[in-house]
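Participant: Fold the following for me, if possible:
(one chain, ligands or ions: 3)
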Amino acid sequence: MADWQPLRFMQAPGPKAGRMRFSVYRFDPEGDAGPGTQEYVLDDLTPDMMLLDALLRIKEQDETLGFRRSCGEGVCGSDAMNINGRNGLACITRLGELVEPVKLRPLPGIPVIRDLIVDMDNFYRQYREVEPWLQAREAQPEVERFQLPEERERLDGLYECILCGCCSAACPSYWWNPDRFLGPAALLQAARFIEDSRDEACDKRLDQLDDAYKLFRCHSIMNCVDVCPKGLNPTEAIERIRKRMLRNST
Ligand code: SF4
Ligand code: SF4
Ligand code: FES
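Facilitator: Ligands and ions are numbered 1, 2, ... in the order given. Below is the predicted model of the structure:
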């Protein structure tokens, strides 16, 4: 498991760029050395360059450094990491926002595979557990399943999740119970289908979540809201599920 740092410090005015120092977590499961950090220095940076661009430059210096990335546009969620103590996406974090040395660590609370790459298997298992697909008894209509505009609006703030994992990896309840608490990301996805007027499995979904750990380990600490790069509010989504449960039980 990666070392982790307090979540709320750092975003002070950054450098005027130029030269910057980076302290990057390193771990090679096949090497003899244990986990550690490695320092890198880059020149000729500009404040509006993204952290992912800097990482790609570091990779040119040291091709052994491991990290994930794909879209480079804040869409795929694959370059989530802990940046100066706060989870975020490297591709939409400007160097000018960061204090030096920029400390890059893997997402906290998730087993590390190598360097900044974490093992998301449990995260995706939990995603699958909430059955994130529309469930309806009627056969697939020829054109579409209709929804009123106000029904569609209830999905705003839920469907935009990119499954980056920043929220779950910032949640203390998830750190302590990663195998039993589903975590904010999976629960936001559960809410997305519970709230969908076209879905007919709402009661089953609520029954499956009615568990001391799966849902009720959320203590509304709101770290998840603080770090979501898409500005979503998993705490509110979890609260919506709880209210639905309450309404169903009365
Ligand atoms: S509000 Fe709930 S899900 Fe979000 S960080 Fe806190 S305990 Fe975790
Ligand atoms: S809710 Fe936000 S932080 Fe959590 S997985 Fe989705 S996009 Fe990432
Ligand atoms: S590389 Fe896709 S979100 Fe950053």
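Participant: From here on, just use CA atoms for contacts and neighbour counts.
Facilitator: Noted.
Participant: Send me the one helix or strand residue 57 maps to as PDB with only the CA atoms.
Facilitator: Here residue 57, judged by DSSP states H and E, is contained in helix 51-61. Written as PDB, here are the backbone C-alpha positions of helix 51-61 (Å, rounded to 0.1, in the frame of the first residue of the first chain):
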ATOM      1  CA  LEU A  51       1.600  18.000 -15.000                       C
ATOM      2  CA  LEU A  52       1.100  15.100 -17.500                       C
ATOM      3  CA  ASP A  53       3.300  16.900 -20.000                       C
ATOM      4  CA  ALA A  54       6.000  17.200 -17.300                       C
ATOM      5  CA  LEU A  55       5.600  13.500 -16.500                       C
ATOM      6  CA  LEU A  56       6.100  12.600 -20.200                       C
ATOM      7  CA  ARG A  57       9.300  14.700 -20.200                       C
ATOM      8  CA  ILE A  58      10.500  12.900 -17.100                       C
ATOM      9  CA  LYS A  59       9.700   9.600 -18.900                       C
ATOM     10  CA  GLU A  60      12.100  10.700 -21.700                       C
ATOM     11  CA  GLN A  61      14.800  11.100 -19.000                       C
END
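Participant: other SSEs contacting the longest helix anywhere in the chain?
Facilitator: Ranked by number of residues, the top helix in the chain under DSSP state H is helix 234-249. In terms of contacts (3 or more CA pairs under 8 Å, 6 or more residues apart in numbering; DSSP states H and E), helix 234-249 is packed against helix 183-194, helix 202-209, helix 223-227.
Participant: outside of the shortest one, which residues touch it?
Facilitator: Here helix 223-227 makes contact (CA atoms under 8 Å, 6 or more residues apart in numbering) with 86-88, 166-168, 170-171, 184, 231-235.
Participant: again with the second one
Facilitator: Contacts of helix 202-209 from elsewhere in the structure, counted by CA under 8 Å, 6+ apart, are 130, 190, 193, 194, 215, 241, 244, 245.
Participant: repeat that with 10 Å
Facilitator: 129-131, 135, 182, 187, 190-191, 193-196, 210, 214-216, 241-242, 244-245, 248 (CA atoms under 10 Å, 6 or more residues apart in numbering).
Participant: which of those count as buried?
Facilitator: Among those, those buried by neighbour count (16 or more other CA atoms under 10 Å) are 130, 182, 187, 190-191, 193-196, 214-216, 241-242, 244-245.
Participant: Which two of those residues have the greatest separation?
Facilitator: Across the buried ones among the contacts of helix 202-209, no pair lies farther apart than 196 and 216, at 21.9 Å, counting by CA to CA.
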